[in-house]
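need the 3D shape of this:
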Amino acid sequence: MAERDATLARHFPRVLARSVGGNLNLAVAGASMLGAAALQSWPVLALGGAAYAALVAWDLASPAFWREVLRGKTEGQAAVRLPAPESLKDTRVRDAVRAMTTAREQLERTLKESPEAVRSHLGLALSSLHELEGRAARLAVRGEELARFLASADAASVREGIRQAAEQARAARDAEARAQYERALAAREEQLAALVDIDAARERVLANLARIAAAYQGLPARVMRLRALDAQATETMYGDLNEELGRMNGEIGAFEETLKSIHEVRVVT
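Numbers count the residues shown, from 1 in each chain. Alright, predicted model coming up:
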């Protein structure tokens, strides 16, 4: 119960904001204000305020409203879906996305066959899962971009350029020439450092995709276990799943932020 309460508390501000700003609720509030102004009546305003508060309270008490809000996406996220595995070139990215796609299909079948009580309890977990899938889609795209760039970069030639620039700097007798060779050396070293960072970022992308895929693949069995237990399933079991997916969303979201620092790499030629 404590885990479920913590999950509800984390999402409460978002659900409250949706209800407070809902079209119907605002229409009721606006109509009461206009009516009170026209009639110059405080009781009308008070009644309108009470009606508005009642509508908000009704929303907050409705599991269906919570599911609607938590399953919703922002405008920028609405179209984010896992890419088709066959459209991906990088083998490891493709394998992770294919695993998620297969697990999602199995999960959908399991949920379809599950009692309404199980699906209702899983509302928050499914909302987190939709968000997690969006993150996986963005990571897959980024993984493809990084792999494509690394395939076009020649780290060996950069290392050779570093070796040559270092030798030329040591051999130069003219101070100005030596300074230019040293600048070339510094540029090559910076280029190599960037390539190393990009390779590390790609590996972290692949690791996070593998983590999401593993979580996805485990969900059908976990839902089936809840379905088998049915009435014996405890709030803690549902809460644990909600909390686990919510925590994963937060951690991978933080990783996405670190990837934003990698924008463009200019290869020194």
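
SS state for residue 81?
coil (DSSP: H, G, I helix; E, B strand; the rest coil).

show me the contacts for it.
133-134, 137 (CB atoms under 8 Å, 6 or more residues apart in numbering). For every residue, glycine as well, the C-beta is placed using N, CA and C.

of the residues you listed, which is the most crowded?
residue 134 (20 neighbours; other CB atoms under 10 Å).

make a markdown table out of the contacts of residue 81 and add secondary structure.
As requested, these are exported to a markdown table (three-state DSSP):
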| residue | secondary structure |
| --- | --- |
| 133 | helix |
| 134 | helix |
| 137 | helix |
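
from those residues, which is closest to residue 173?
Distance to residue 173, by CB to CB, is smallest for residue 137 among the contacts of residue 81, at 57.5 Å.

hang on, the closest one packs against residue 82?
Yes: with contact defined as CB atoms under 8 Å, residue 137 and residue 82 form a contacting pair (5.0 Å).

and the longest helix for this structure?
If you go by DSSP state H, the chain has its longest helix at helix 175-229.

the helix or strand just after it to helix 175-229, inter-axis angle?
The helix or strand immediately downstream of helix 175-229 is helix 235-259, counting by DSSP states H and E. With axes from the mean of the first three to the mean of the last three CA atoms, to 10 degrees applied, the angle from helix 235-259 to helix 175-229 works out at 160 degrees.

quick one: buried residues of helix 235-259?
Across helix 235-259, burial judged by 16 or more other CB atoms under 10 Å covers 237-246, 248-249, 252, 255, 259.

equivalent analysis for stretch 86-103, please.
88, 90, 92-101, 103.

what's the closest of these to residue 200?
When those are compared against residue 200 (criterion: CB to CB), the nearest one is residue 92, at 14.8 Å.

my guess is that closest one contacts residue 207. True?
No: between residue 92 and residue 207 there is no contact under CB under 8 Å: 10.0 Å.
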